[in-house]
Structures are given as structure tokens and as C-alpha cells.
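A.B. asks: Provided below for reference: sequence and predicted model.
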Amino acid sequence: MKGDVSVSKRKDRANKPWRVYYYEDGKRRAKHFDTELNAETFADEKRLDRKLGTGELAMSQGDRILWAGVRASAERAGIPLPEAVEIAKRAIEDRRIQECSNEDLIFDYILWCKKRGLRERTIEDYEKHLKWLNAQFDAPFAELKGAKISERICSRFDNHNSRRIYRASLTPFFKWCDKQGKLDANAIGRIDWDRPRSDGQGVGILTPDEAEKLIHAVPANHQAAIALAMFAGIRTAGELVRLKWSHIRFDARVIDIPGEVAKTREFRRMHDLPENLWLWLNASEDRSGNVLKCHLESYRKFMERAREAAGIRVWVRDVMRHSFGSYGYHRGIEWCVDTMGHVGGFRTFQKHYKGAASKADSIRYFAIEPTKALVNS
């Protein structure tokens, strides 16, 4: 029978005549001995190994002696053997956790994020937030509690959205550490806080007059980028900073948003775009490289100056995208949802943008054009 261990003597062999047949790693093997005693001893070991199992369950004679010692110690202490095994496992895990510093965990996690292909900006934010957390507590991450982390986040930020950004960085980190066996995420607990209840409000949008003053107050070399945000609903921080002129196909009158540009990492094609958008794009003199000719920080600075010049006192986050959704609603719901790449679908879209602007204002909004000097340049 396959797997059996057998002992036999070869009459045609004077040197090591005793032969043991046994199976190892699925293959039949043979080993020769000088005496029958040595052959039988080896065969008994192989038979015992077969009974105990192979691979992770296989035990050498030395391992069996150590295991007998553990069992004897458990009996003397009056501890059931399964409980003694769990105690030993926890001690090993605790020792491994203590040997891994916070800095090492951050480094390993960031390296893992890079291998997964996360975007550079996301990785930079993760690293910044984790280093902030490490600076807040003089203790290993494994000893932290979600309640204490929540207190520190709330003491730093009054705004709920800012708090959520930090939580969105820390929570997956602790889950990753848990999977790596570096800490117990359940022992740390949830990172959460009480959010004050507030009455729902509609999205903030620009009036047609405000939109016209704003885009004309923007430096000429950035007007094409702002036109894409206003009249195509492209996300500024998430997509506009990565969009290139090569993605804009003037011949076919479409704009491709590849996965490496899109916030959702899903390709989408923008078609039937308003005529005034193409006028702004055609007015741009430099159509090479990125459409937005600066980093995000510089973008925020020139937009702040443009808002002041346009007399806009209240600025809502994503106001240009919200304006496009509200005015674009009157150009066709399906088209607008498709153009925006709205992952929430029609129900969420209508909740935010239905009735937020009139049809007359929509016509005025999509009639905002560059000056004749720009168009003819």
C-alpha cells in the first residue's frame, strides 16, 4: 500500500544490506543500513512520522521531547493543554509586536501602498497623517486606543470633513497592521466622534454673474483649466491636476478621462460638451503638457486672488463642479451624470442638483465666453 514503510535484506549486497523503503514528499525513497536494528529503528521513526502527519504536523524526536516538557509544565501548573498553547502563542505575538517600532510599521505600510499602485498624492497624505499620529503619542501603535486618537483629531480640527480625512488614513493602516499580525485592531477600537446634528442645505453654486467675473479674473494661462471645471464639471483636486492636453481631442470634440486621471480610476469619455467650453479651450496658447500649469498649492493661491477680484465672499468646496451639475441638469440629466462621472447615480444627482438653478440661468451660464481678443488671438 502506498505510504507503507517496509524493511528488507538484500542478499546480493554485503555492505549495508538492510534496506528501508518509505515515502517522502509523495515519492518512494530507500535508505540502507549495516544492521537490522538500525534499519528497524529508522523505519519506526518513519512510521511514527506518518501517524503524526507530515509538513507542519511532522515532529522530530527532539520536537517531541520539547512538546512533552510543555505538557508536563502545564500539568504541574494545573493549566489545560489547549489554554497553555494559547498563552504561549500570545507571548510570541506580544514579543513580535514589541520588536516592531512605529517607524518600521509606517515604512512597511507605505511600501505596501506603493506596490499596490496607490496614487502618489494618496501615499503622501497617508505618510503625513501617520507621522502626525506617531508624534502625538509616546507609545507603540499597538497600545493606542481609538478614543484617545479621536480626541487628538478633534482637538486639531473643528471641521468634520478634515477629521474624516485623517480617519480615512488611519483606519486602513490599523487593519493592515492587524492582518500582518503586528497589532490587534479590535483592541484599539473605532476612531469616531459625536457629530452635531444639522439641518440639510442645498449645494452652493456660483451665479452666472459670479462665474463670469471669476473666470475673467483668473490669469489667462489658467483659464482653460477653470473652464473645464466650470463647464465640464471636472474635479479640480482629483482630476484637473492630472489632465493633459493630449486627452482633449479637438477633432472629435470629446475629452477622455483615463483611469490614471479619474478620481474613481474608471475611464470615461465626455461628449456633446457645451460650445462655450471649446471657445475657452481654443483660446489657450499653450496646449502642451498638463492643462493646469501649476501645482495644487499655486492653484489655490491664484484662485483666492481671483475670488477677491470677482467680489465672491463665500466660497463653497467644489463650487464649480456643483455649478456645472446644477446648470447642466437642464441640458439633460443622463448627459450630465455621464459627463460628471457621478458614481452616486441618478438618485444622488437629483437630490443635490434638481431645482438648484433655473433654466434661464443655465442658458446664461453656458453662454459665458472668452473676450473677443482671446478668441481671435
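C.D. replies: Alright, I've got the coordinates. Please read all numbers here as calculations on a predicted model, not as lab measurements.
A.B. asks: so what secondary structure elements neighbour the strand or helix carrying residue 223?
C.D. replies: Residue 223 is part of helix 223-232, with elements assigned from DSSP states H and E. Under the contact definition 3 or more CB pairs under 8 Å, 6 or more residues apart in numbering; DSSP states H and E, helix 223-232 sits against helix 208-217, helix 275-282, helix 319-328. Using the backbone N, CA and C atoms, a C-beta is placed for each residue, glycine as well.
A.B. asks: where does the stretch 201-350 of the chain have low pLDDT?
C.D. replies: Applying pLDDT under 70 to the stretch 201-350 of the chain flags residues 201-202, 343-344.
A.B. asks: Residue 187 sits in which helix or strand?
C.D. replies: Assigned by DSSP H and E, residue 187 falls within helix 185-188.
A.B. asks: So what touches the helix or strand following the helix holding residue 223?
C.D. replies: Per DSSP H and E, the first helix or strand lying C-terminal to helix 223-232 is strand 248-249. Residues from elsewhere that reach strand 248-249, judged by CB atoms under 8 Å, 6 or more residues apart in numbering: 255-256, 281, 287, 291.
A.B. asks: ok, now stretch 300-311?
C.D. replies: Applying CB under 8 Å, 6+ apart, the contact partners of stretch 300-311 are 210, 213-214, 216-219, 222, 226, 294, 315.
A.B. asks: just stretch 272-279 next, same as before
C.D. replies: For stretch 272-279, the surrounding residues in contact (CB under 8 Å, 6+ apart) are 227-228, 231-232, 250, 253-255, 331, 335, 339, 366-370, 375.
A.B. asks: Quick one: mark the members of those residues that sit in helices.
C.D. replies: Mapping these onto helices (DSSP state H) picks out 227-228, 231-232, 335, 339, 375.
A.B. asks: of those, buried ones?
C.D. replies: Taking 16 or more other CB atoms under 10 Å as the criterion, what is buried in the ones in helices among the contacts of stretch 272-279 is 227-228, 231-232, 339.
A.B. asks: Distance to residue 176 for the residues you listed - can I get that in CSV?
C.D. replies: As requested, those are exported to CSV (distance: CB to CB, whole Å):
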residue, distance to residue 176
227, 41
228, 36
231, 41
232, 37
339, 36
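A.B. asks: For residue 313, see how far away the spatially closest residue to residue 237 that is not a sequence neighbour is.
C.D. replies: Leaving aside its chain neighbours, residue 237 sits nearest to residue 296 (6.2 Å; criterion: CB to CB, 6 or more residues apart in numbering). As judged by CB to CB, to the nearest Å, residue 296 and residue 313 stand 23 Å apart.
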